[in-house]
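**Q** how would this look folded up:
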Amino acid sequence: MLGRQDLLSAWKKKRIRFDPDISPDQISLSSVDLRLGFLFTTQRVQAAVVIRPAHNFDPTHLTDTVSFIENHDPVFRLRPKEFKLAQTLETLWGFRGKAGAIPKLIRSAFRN
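**A** Numbering: from 1, shown residues only. Okay, the predicted model is just below:
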């Protein structure tokens, strides 16, 4: 786990970048506060779902994605017992390109 000073240092040295850029007050004691984006994904109700990611699994027929990009006054409701995936407004970048996972990003950001 990285502390605030390590996160600030990596961000200022551009070892980790955010697009759009963040402000220093988004960096907490040991985390970065990212903002919700405008795309939300819901899993469709299925009788049974078998997921085999190693076999070129494509979830598009099992999910619905709602976009609030064009909505000037977006309201998103999360009802009890609902599970939604949301994209962040920011994209994380390491010095080697777009980061797929935060642990990978953090490891690569501090590698000499």
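**Q** wait, what's in contact with the residue nearest the centre of the chain?
**A** Centroid-nearest residue in the chain, with Cα atoms, centre = their mean: residue 88, separated by 4.7 Å. By Cβ atoms under 8 Å, 6 or more residues apart in numbering, the residues touching residue 88 are 34, 35, 36, 37. For every residue, glycine as well, the C-beta is placed using N, CA and C.
**Q** ok, the first one to residue 79 distance?
**A** From residue 34 over to residue 79 the distance is 23 Å, taken as Cβ to Cβ, to the nearest Å.
**Q** tell me the contacts of the residue nearest to residue 33 when sequence neighbours are not counted?
**A** In space, and not counting its chain neighbours, residue 33 is closest to residue 26: 4.6 Å by Cβ to Cβ, 6 or more residues apart in numbering. With contact taken as Cβ under 8 Å, 6+ apart, residue 26 is in contact with 32, 33, 34.
**Q** for residue 15, see how far away residue 26 is.
**A** Where residue 15 is concerned, residue 26 sits at a distance of 17 Å (Cβ to Cβ).
**Q** by neighbours, which of the contacts of residue 26 wins?
**A** The residue in these with the most neighbours, by other Cβ atoms under 10 Å, is residue 32 (19 neighbours).
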